[in-house]
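Visitor: Below: sequence and its predicted model.
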Amino acid sequence: MRALCWNGVNDLRVETVPDPQIVSPHDVILRVTMSTTCGSDLHFIDGYIPTMREGDVIGHEFMGEVVEVGREVKKVKKGDRVVVPSFIVCGNCWYCQHDLWSLCDNTNPNPELQMAAFGQPTAGIYGYTHAFGGYAGAHAHYVRVPHADNDCFLVPEGLRDEQVIFLSDAAPTGYMGADFCGIQPGGTVAVWGAGGVGLMAMESAFLLGAERVIAIDRFPERLRLAREKAGAETLDYTQVDSVVEALREMTGGRGPDACIDAVGMEAHGTGVGYAYDRAKQALHLHSDRGQALREAILACRKGGTLSILGVYGLMDKFPIGAIMNKGLTVRTAQQHGQKYVPRLLEHVARGELDPSYLVTHRFSLEDAPRGYEMFKNKEEGCVRAVFTP
Amino acid sequence: MRSINLGHVGRIAAVVLGGSLLKMSLGHRRMLRPHTAKRRGAPKAGGHAEAVEVERSVTIGKTAEELYRLWRAPETLSRLLGGFAEVTPVEGDRMRWKVQGPFGQSVAWETRIVEDLPGERVRWESLPGAAWSLQGAVQFRAAPAQWGTEVTLRLHLHPPGGMPGEAAMRRLRAVPGGLVLKVLRRFKSLAETGEIPTLKNNPSARKSASAHGKRVC
Ligand SMILES: [Zn+2]
Ligand SMILES: [Zn+2]
């Protein structure tokens, strides 16, 4: 089959690779009908997350049709049209049974790689470094889905691929971020980053009862989507001296009740802190640029909630003093997709959520490297590129 | 597959736990912190090199009885060793371990169970006269709340003396903690899900993948 492979820093190529096969009894093989780029892919494409290996197939946000079924698979059937969360879960361990799906104990074949960095291993992900399992990704014609009964969600008839594809990762990540905020009636939520995850977090905040949502970004087309599609107020950080001050003024001096970081380690910003981070990152002195996260901490009202969705490795200059003295609650996780996909499918089926506007660019799988280039450089207002094999 | 010159260390670890596991550990050793294998006793003049003892634990969501039964099932140890080492019951309480070494040679030895408390503990030792003195034990203890059972695996290895033995032990000390942990985590996945996570036949554009039509990481 054909697949998009990582060959080195910023070197993506579509190559011919062996087809996946059923290797474990709970596996299915999916014919991928659509996959999409994700901001977190950029961290390892750019070389900021180690443990990629030359030739790895990438892509973790996808959907498709079941074409082959392992002997222990009970619920999923050949011909099913399904969407698959990016984290691979077993359904049996303590973490799966407590709705903490991305922490699954039994799906990472390389747990020792994570234990060195995090102390404990997390679940595996498709196409996302060997520390996260080393599984082949889904920018391909076919993909192997382990533990399919827990990892495949049947798509109701009548929904288009574009409406469902983001339920694999961006939508449940954003929904979880809003869920973490414990939104009270009248609450204000600020969201850093108006990419796919940020926009989904904004929509979810409204679905969960927020009165106001404030979006912080610098790209006009993303701020426009935040306003027109998600109904957020917007803040262009290049147009203000201080995001923290601007947010304080927008909220009567209090600060937002909850702040969601949907940016992560490659945050852009302005000022001295940003220049310092960027220089260190360029010199590989540390891996994370933490501008968005620091702003979120400083902006949040006392006793508020900080919800971190952006991906981080190790970060220095983390203002723990502000978190401690202001009594903030910090909630964060990689997405617990299996918890949120069923209710998101209901929202989409009822017409309360339609993430299809995130699709700004379509490519054949053969043109996927160009798609990633446009996505990475945000050319022509690219929010998300989708690939059809 | 990347070739790693395993030398003596490889043969030792192959004997202990199986070479494919060792390759995984060595291949990623930059990511690993030094393991805390304990050193026991001073080198004996003209006798044996220093011994290595490793102990690692994992919590598994099953009862001690279930885990004991799975551990004692005839095919389990071979599965935990990644299909690299075959462990077959011989008569009585003896088991025969056969390992395909990294250079095509195979090594075999026997162990016997010296303590067997169903639902609690199994302990085994290599038979007297084996070049490598190896003792192992697995212990099952009830965990708090609904966590299931805490499982501890302990290995004690006492190699022969002389230069090769000592050189090998120096390097081996950095390895067995990871190996023991890997075996335990595979045991946990097998017990909780009925399968062990694997990258067998994982598609990639690496030459090794297309050459064999499959790839085992
Ligand atoms: Zn993602
Ligand atoms: Zn699990």
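Guide: Done, it's in. Ligands and ions are numbered 1, 2, ... in the order given.
Visitor: Could I get the full set of helices for chain B?
Guide: When assigned using DSSP state H, the helices of chain B occupy the ranges B:7-16, B:19-27, B:64-72, B:76-80, B:163-172, B:176-193, B:207-212.
Visitor: quick one, what contacts the residue of the stretch 201-350 of chain A found nearest ligand 2?
Guide: Across the stretch 201-350 of chain A, the shortest distance to ligand 2 (CB to the ion) belongs to A:Q338, at 9.6 Å. Where C-beta positions appear, they are placed from N, C-alpha and C, glycine not excepted. Residues in contact with A:Q338, defined by CB atoms under 8 Å, 6 or more residues apart in numbering or on different chains, are A:P85, A:F87, A:V89, A:C96, A:W101, A:N150, A:D151.
Visitor: Name the SS class of it, please.
Guide: For A:Q338, the secondary structure call by DSSP: H, G, I helix; E, B strand; the rest coil comes out as helix.
Visitor: can you tell me how far it sits from A:V66?
Guide: For A:Q338, the distance to A:V66 (CB to CB, to the nearest Å) stands at 17 Å.
Visitor: Check which element follows the strand or helix carrying A:G371 along the chain.
Guide: When elements are assigned from DSSP states H and E, A:G371 belongs to helix A:368-377. Reading on from helix A:368-377 to the C-terminus, the next helix or strand found by DSSP H and E is strand A:384-388.
Visitor: Tell me which residues of that next one come out buried.
Guide: Neighbour counts using 16 or more other CB atoms under 10 Å in any protein chain shown place A:R384, A:A385, A:V386, A:F387 of strand A:384-388 among the buried residues.
Visitor: tell me how far that strand is from the chain's mean position?
Guide: On the basis of CA atoms, centre = their mean, to the nearest Å, strand A:384-388 sits 15 Å off its chain's mean C-alpha point.
Visitor: so for it, what's the average pLDDT?
Guide: Across strand A:384-388, the average pLDDT comes to 97.
Visitor: Also stretch B:71-84?
Guide: Over the span of stretch B:71-84, the pLDDT mean works out to 88.
Visitor: Indicate whether it makes contact with chain A.
Guide: No: among the residues of stretch B:71-84, none lie within reach of chain A under CB under 8 Å from any CB of the partner chain; the closest is 10.3 Å away.
Visitor: before we move on, back to that, with just CA atoms, put the helix holding A:G371 into PDB.
Guide: Listed next in PDB are the C-alpha coordinates belonging to helix A:368-377 (Å, rounded to 0.1, in the frame of the first residue of the first chain):
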ATOM      1  CA  ALA A 368       0.100  14.600   1.600                       C
ATOM      2  CA  PRO A 369       3.600  16.100   1.900                       C
ATOM      3  CA  ARG A 370       2.300  19.300   0.200                       C
ATOM      4  CA  GLY A 371      -0.600  19.200   2.600                       C
ATOM      5  CA  TYR A 372       1.600  19.100   5.600                       C
ATOM      6  CA  GLU A 373       3.700  22.000   4.200                       C
ATOM      7  CA  MET A 374       0.600  24.100   3.800                       C
ATOM      8  CA  PHE A 375      -0.700  23.200   7.200                       C
ATOM      9  CA  LYS A 376       2.600  23.800   8.900                       C
ATOM     10  CA  ASN A 377       3.100  27.200   7.300                       C
END
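Visitor: Next one: stretch A:116-125, is it in contact with chain B?
Guide: Yes: counting by CB under 8 Å from any CB, chain B has neighbours in stretch A:116-125: A:A116, A:A117, A:P121, A:G124.
Visitor: Give me the buried positions along that stretch.
Guide: Judged by neighbour count using 16+ other CB under 10 Å, the buried positions of stretch A:116-125 are A:A116, A:P121, A:T122, A:A123, A:G124, A:I125.
Visitor: swap in stretch A:366-379?
Guide: The neighbour-count criterion (16+ other CB under 10 Å) identifies A:D367, A:A368, A:P369, A:G371, A:Y372, A:M374, A:F375, A:K376 as the buried residues of stretch A:366-379.
Visitor: ok, now stretch A:176-184?
Guide: Across stretch A:176-184, burial judged by 16+ other CB under 10 Å covers A:M176, A:G177, A:A178, A:D179, A:F180, A:C181, A:I183.
Visitor: List the residues that contact the fifth one.
Guide: When contacts are counted by CB under 8 Å, 6+ apart, A:F180 touches A:A258, A:I260, A:T305, A:S307, A:R331, A:T332, A:A333.
Visitor: Of the residues you listed, which is the most crowded?
Guide: In terms of neighbours by other CB atoms under 10 Å in any protein chain shown, the contacts of A:F180 top out with A:I260 at 34 neighbours.
Visitor: thought that residue was touching A:W192?
Guide: Yes: because the distance of 6.8 Å satisfies CB atoms under 8 Å, A:I260 is recorded as touching A:W192.
Visitor: quick one on the thing from earlier: format the buried residues of stretch A:366-379 as TSV; extra columns: distance to ligand 1 and pLDDT.
Guide: Putting the buried residues of stretch A:366-379 into TSV (distance: CB to the ion, whole Å; pLDDT from 0 to 100) gives the following:
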residue	distance to ligand 1	pLDDT
A:D367	21	98
A:A368	16	98
A:P369	18	97
A:G371	15	97
A:Y372	13	97
A:M374	17	96
A:F375	12	95
A:K376	14	94
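Visitor: what's the closest of those residues to A:Q21?
Guide: Of all those, A:A368 has the smallest distance to A:Q21: 22.9 Å, by CB to CB.
Visitor: Now do the contacts for that closest one.
Guide: With contacts defined as CB under 8 Å, 6+ apart, A:A368 is in contact with A:L4, A:L12, A:V14, A:H139, A:F387.
Visitor: Now, these that are in strands?
Guide: Among those, the residues falling in strands (DSSP state E) are A:L4, A:L12, A:V14, A:F387.
Visitor: Provide a list of residues in contact with the residue nearest to the second one when sequence neighbours are not counted.
Guide: Setting aside the residues directly before and after it, A:L12 is nearest to A:P369 in space (CB to CB, 6 or more residues apart in numbering or on different chains), at 4.5 Å. Applying CB under 8 Å, 6+ apart to A:P369 gives the contacts A:L4, A:L12, A:R13, A:V14.
Visitor: Who are the contact partners of the third one?
Guide: Contact criterion CB under 8 Å, 6+ apart gives A:L4, A:C5, A:N7, A:P369, B:A205 as the residues in contact with A:R13.
Visitor: Who are the contact partners of the first one?
Guide: The reference is to A:L4. The contact partners of A:L4, by CB under 8 Å, 6+ apart, come to A:12-14, A:57-59, A:137, A:139-140, A:365, A:368-369, A:372, A:387.
Visitor: what's the distance between the residue of the stretch 101-250 of chain A at minimum distance from ligand 1 and A:E72?
Guide: Nearest residue of the stretch 101-250 of chain A to ligand 1 (CB to the ion) works out as A:D169 at 4.1 Å. Note on A:D169: its distance to A:E72, by CB to CB, is 26 Å.
Visitor: Same question for B:R56.
Guide: Using CB to CB, one gets 29 Å for the distance from B:R56 to A:E72.
Visitor: just A:S168 next, same as before
Guide: Taking CB to CB as the criterion, A:S168 is separated from A:E72 by 24 Å.
Visitor: quick one: which of the two has more around it?
Guide: Neighbour tally, A:S168 and A:E72, criterion other CB under 10 Å: the higher count belongs to A:S168, 28 against 15.
Visitor: Give me the pLDDT for the more buried one.
Guide: For A:S168, the model assigns a pLDDT of 98.
Visitor: Check the gap between it and chain B for me.
Guide: Going from A:S168 to chain B by CB to the nearest CB, to the nearest Å gives 19 Å.
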